[in-house]
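In: Provided below are the primary sequence and the corresponding predicted coordinates.
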Amino acid sequence: MSVKLTIMREMQQVAREHGKILAPLNDDLALVDCGLDSLGFAVLVARLEDALGIDPFTAAEDAFFPVTLGDFVQVYENGAR
Amino acid sequence: MARVEAPPLRAHVANAPAPRFFRDRARSVRFTDLGRGTSLAGRLADLCGRSVLVATVDQLTTALTLIELDGRARRITVLPPDIAADHLAAVIGRAEVDAVVIDGGTHAAAFDHLDRVMCAPSIVPTEQAPPVRRRSEWVLLTSGTTGVPKMVVHDLAGLTAAVAAKSPADGAAVWGTFYDIRRYGGLQIFLRAVCGGASLVLSSAGEPVAEHLARLARHGVTHLSGTPSHWRRALMSPAIRTIAPRYVRLSGEIADQAILDSLRAVFPQANIGHAYASTEAGVGFDVNDGRAGFPADYVGAVRDGVELKVVDGALAIRSPRTASRYLGAGERLAAADGFVDTGDMVERRGERFYFVGRRGGIINVGGLKIHPEEIEAVINRHPQVRMSLVRPRRNPITGAVVVADVVLKFERDSAAARRIEVRDDILKLCREALPRHKVPAAISFVPTLAVAATGKLERRHG
């Protein structure tokens, strides 16, 4: 499964578990509007670390958090290479 | 608080109505022979009035040495088996040790300058046993995770107060413990056996659980004690079915309902009790109704001389069983009013208090505080779960999230599809019982969890 699909799947899973409704997912969607709160994102990052073997945010030296879903996926795709 | 005198251990041994034994993996020693014998090769007289370090490697030689030294040595410092070598000098200095009892297994350069006395795992008759004429100080070491362990000063009266209160002499009893007797929980069982005129089956270092259980069965153990982690590990062995104790005791960690129920299922006839005790606070109380936690009316009352109060969510204890002080440290052991802060956090639900975790073990998830033990108690309720450990994992958004390592009861649950089902079940259980931030972000299935030499689940605080 591609990195992007894995992220989408885990986002839907976390949203379901946390009783949240996700906005329609597309690259331009701002993460703050996607429907997950900060705890939801925290859990998502932990799940993705298990699924993809990386936590690009903790590993990065210049820590920044992406703004859009497209940026978020990009960070993982870069990290996975 | 006024202390009562307690007869020295040697008096219990000399007055035992029948021969009693210490048994380890290799030997049985009739310790009641110490009434007219010694295992210290004629050197006991040299140890009278001195500060003696008990550095024996075997529990059996430790047990013999403790009986010989009580009432004779000025101070008895009991060295736990897992002490780091680089802490020995500090321990010796603080206790002003001038003699050390060793056995065949002891090697440490730190003992070179001390008067060394060898304890043999056997007893030879002697007519020249020196008299018992003083109240020895007993020094136990805590299991601190960093630095030199704290050295906690007790006396025999305090150490045996709970023994006298709770167990009438039962000569037919055979005690066993998963603990090492050099830790407070194990020492209580050693004292119960010696003061109660009973035999004691000791654990041996590195002995597989199944063999230990088989040995307990062979010697007809009637009273058996350990931590919940010890018991969970024992329950993983089919050999648990070979023992039939009348009394099952848990202490040292939170006894959750799942472990109490599991033990009830395996030992339907036994009295199953959990005790609250710590090296500093001594034995606080026993709970024998088969339920986790303890009745709310224990707090504020005086029971067997023990008073409990709850301060800022933490249990504090005042009793004749508490230690008197720390050795060589500036830190006070008890507050001015005599209450010892246990650092164990409790929460009242209805007519009962429940232990929720250690004050120092809190995990912070985005500013919300979590005790890992309360999540473990929920996970352990799942019928397929044997034991679990909840720990923090660093997280870029909330600082940390909690994740769980889980040991399943049955091998057949290791099939991948079945595991996913169990994992989803556990998460569902957590979501129903806990607020969102306490639900583990991830669950891993592991074959075992590390249990420290203290019998407690190993927690790494990071």
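Out: Okay, I see it.
In: List the buried residues of stretch B:389-398.
Out: Residues of stretch B:389-398 classed as buried: B:389-393, B:395-398 (neighbour count, 16 or more other C-beta atoms under 10 Å in any protein chain shown). The way it works is simple: take the backbone N, C-alpha and C, and place the C-beta from them, glycine included.
In: for B:Met151, which residues make a bridge with it?
Out: On the basis of DSSP bridges, B:Met151 takes part in beta bridges with B:Leu141.
In: check contacts around it.
Out: B:Met151 makes contacts with B:77, B:91, B:94-95, B:139-141, B:326-329, as judged by C-beta atoms under 8 Å, 6 or more residues apart in numbering or on different chains.
In: In strands only, show me those residues.
Out: Secondary structure from DSSP state E places B:77, B:139-141, B:326 of the contacts of B:Met151 in strands.
In: Can I get the contacts of B:Met151 in TSV including pLDDT?
Out: Listed next are these as TSV, based on pLDDT from 0 to 100:
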residue	pLDDT
B:Thr77	98
B:Val91	95
B:Arg94	95
B:Ala95	97
B:Val139	98
B:Leu140	97
B:Leu141	95
B:Tyr326	95
B:Leu327	93
B:Gly328	84
B:Ala329	71
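In: Can you select the buried ones from the residues you listed in PyMOL?
Out: Those of the contacts of B:Met151 that meet the burial criterion (16+ other C-beta under 10 Å) are gathered into one PyMOL selection, given here:
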select buried, chain B and resi 77+91+94+95+139+140+141+326+327+328
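In: low-scoring stretches of the chain, by residue?
Out: No chain specified, so I'll use chain A. Low-confidence segments of chain A (pLDDT under 70): A:60-63, A:80-81.
In: actually chain B
Out: Using pLDDT under 70 as the threshold, the predicted model of chain B has low-confidence ranges B:1-4, B:144-145, B:164-171, B:411-414, B:461-462.
In: In it, which residue is most central in space?
Out: Against the mean C-alpha coordinate of chain B, by C-alpha atoms, centre = their mean, the closest residue is B:Gly185 at 2.8 Å.
In: tell me the contacts of that residue?
Out: B:Gly185 sits next to B:177, B:179, B:225, B:227, B:251-252, B:277, B:455 when contact means C-beta under 8 Å, 6+ apart.
In: for chain A, what are the nearby residues on chain B?
Out: Proximity of chain B to chain A (C-beta under 8 Å from any C-beta of the partner chain) is limited to residues B:365-366, B:393-398, B:401, B:403, B:427, B:431, B:436-437, B:439, B:441-442.
In: try 7 Å this time
Out: Residues of chain B lying close to chain A (C-beta under 7 Å from any C-beta of the partner chain) are B:366, B:393-398, B:401, B:403, B:427, B:431, B:436-437, B:441-442.
In: returning to that earlier point: out of the buried residues of stretch B:389-398, list just those in strands.
Out: Among those, the ones falling in strands (DSSP E) are B:389-393, B:395.
In: helices or strands next to the longest helix anywhere in chain B in the packing?
Out: Scanning chain B for the longest helix, with DSSP state H as the assignment, gives helix B:416-433. Using 3 or more C-beta pairs under 7 Å, 6 or more residues apart in numbering or on different chains; DSSP states H and E, the elements in contact with helix B:416-433 are helix B:372-379, strand B:442-445.
In: Please identify the deepest-packed of these.
Out: Ranked by average neighbour count under the criterion mean count of other C-beta atoms under 10 Å in any protein chain shown, these are headed by helix B:372-379 at a mean of 24.
In: what does that helix rub up against?
Out: B:254, B:256, B:356-357, B:361, B:363, B:385, B:388-391, B:402, B:404, B:406, B:426, B:429-430, B:433-434, B:438, B:440 (C-beta atoms under 7 Å, 6 or more residues apart in numbering or on different chains).
In: Now a ChimeraX select for only the buried ones of those.
Out: In ChimeraX, a selection of the buried entries from these looks like this (16+ other C-beta under 10 Å):
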select /B:254,256,356,357,361,363,385,388,389,390,391,402,404,406,426,429,430,434,438,440
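In: now B:Leu40: how far from B:Ile102?
Out: According to C-beta to C-beta, to the nearest Å, B:Leu40 stands 11 Å off from B:Ile102.
In: and what of B:Thr61?
Out: The gap separating B:Thr61 from B:Ile102 is 9 Å, by C-beta to C-beta.
In: B:Arg30 now?
Out: According to C-beta to C-beta, B:Arg30 stands 23 Å off from B:Ile102.
In: Which of the two has more residues huddled nearby?
Out: Looking at B:Arg30 and B:Ile102 with other C-beta atoms under 10 Å in any protein chain shown, you find the greater number of neighbours at B:Ile102, namely 21 against 15.
In: who's in contact with that one?
Out: Applying C-beta under 7 Å, 6+ apart, one finds that B:Ile102 lies in contact with B:55-56, B:111, B:116, B:118.
In: if we can go back for a sec, any idea which of the ones in strands among the contacts of B:Met151 is closest to B:Phe294?
Out: Closest approach to B:Phe294 among the ones in strands among the contacts of B:Met151 (C-beta to C-beta): B:Leu140, at 24.1 Å.
In: now the helices for chain A?
Out: Going by DSSP H, chain A shows helices at A:3-17, A:38-52, A:56-59, A:69-80.
In: Output the contacting helices and strands for the first one.
Out: Yep, that's helix A:3-17 we're talking about. Looks like helix A:3-17 contacts helix A:38-52, helix A:69-80 (3+ C-beta pairs under 7 Å, 6+ apart).
In: Tell me which of those is the most buried.
Out: For the helices and strands packed on helix A:3-17, ranked by mean neighbour count under the definition mean count of other C-beta under 10 Å, the leader is helix A:38-52 at a mean of 21.
In: in the stretch 201-350 of chain B, what residue is nearest chain A?
Out: Among the residues of the stretch 201-350 of chain B, B:Glu347 lies closest to chain A, at 22.3 Å counting by C-beta to the nearest C-beta.
In: Would it be right to say that that residue lies in a helix?
Out: No - according to DSSP: H, G, I helix; E, B strand; the rest coil, the state of B:Glu347 is strand, so it is not within a helix.
In: residue contacts, it?
Out: Counted by C-beta under 7 Å, 6+ apart, B:Glu347 has contacts B:353-354, B:356.
In: rerun at 10 Å
Out: Contacts were defined as C-beta atoms under 10 Å, 6 or more residues apart in numbering or on different chains; by that measure B:Glu347 touches B:293, B:310, B:313, B:353-357, B:371, B:374.
In: Go ahead and confirm B:Ala270 touches B:Leu260.
Out: No - counting by C-beta atoms under 10 Å, B:Ala270 stays clear of B:Leu260, with 11.4 Å between them.
In: if I look at these two, which residues touch both of them?
Out: Common contacts of B:Ala270 and B:Leu260, defined by C-beta under 10 Å, 6+ apart, comprise B:Val248.
In: Looking at these two, which one has more neighbours?
Out: Taking B:Ala270 and B:Leu260 together and counting by other C-beta under 10 Å, B:Leu260 has the greater number of neighbours (22 against 19).
In: Thanks again, I'm all set now.
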